[in-house]
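J.: this one's structure only:
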């Protein structure tokens, strides 16, 4: 297991950009696939993006392509999510997830990840 702590959320205006961070501790993430999910009020948790252990492969939810960029810095043991041109519908709690010890293509289903952070709230005002 690995401990994950998200940061970088907050209250922003539509059109702004944010970079969310997920700091890992307890073990190195360089052999773990990582992902971001989000849960909007009254909705189920939804896949945003995932990235392979070395960053060579990324997956995005179809609706997230273009404005969202997932990246990682294994030397810093940190995962990132850049969100540009924020919209009110991006309002959600954003969660970081890890699949420890997995070197294959990054998963896209939440049930495939075995470690989760507590989430960071992103609120976008119109």
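T.: Right, received. Where do you want to start? None of these values were measured; they are calculated from a predicted model. Numbers count the residues shown, from 1 in each chain.

J.: For the residue positioned nearest the centre of the chain, which residues are in contact?
T.: Geometric centre of the chain, nearest residue: residue 36, 2.4 Å, by C-alpha atoms, centre = their mean. Contacts for residue 36 (C-beta atoms under 8 Å, 6 or more residues apart in numbering) come out as 20, 22, 48-50, 68, 70, 79, 81, 94-97. (Each C-beta comes from the backbone N, C-alpha and C, glycine too.)

J.: can you tell me which of these lies nearest to residue 103?
T.: Residue 103 lies nearest to residue 50 out of those, by C-beta to C-beta, at 13.5 Å.

J.: Look up how far residue 74 lies from the closest one.
T.: Per C-beta to C-beta, to the nearest Å, residue 50 is found 15 Å from residue 74.

J.: out of the two, which sits in the more crowded spot?
T.: residue 50 (26 against 17; other C-beta atoms under 10 Å).

J.: what helix or strand does that one sit in?
T.: Using DSSP states H and E, the element containing residue 50 is strand 46-51.

J.: Centre of the chain to that strand, how far?
T.: Strand 46-51 has its C-alpha centroid displaced from the chain centroid by 6 Å (C-alpha atoms, centre = their mean, to the nearest Å).

J.: Quickly run through the sheet partners of the next helix or strand after that strand, with directions.
T.: Downstream of strand 46-51, the first helix or strand assigned by DSSP H and E is strand 58-60. Neighbouring strands of strand 58-60 in its sheet, by DSSP bridges, are strand 46-51 (antiparallel).
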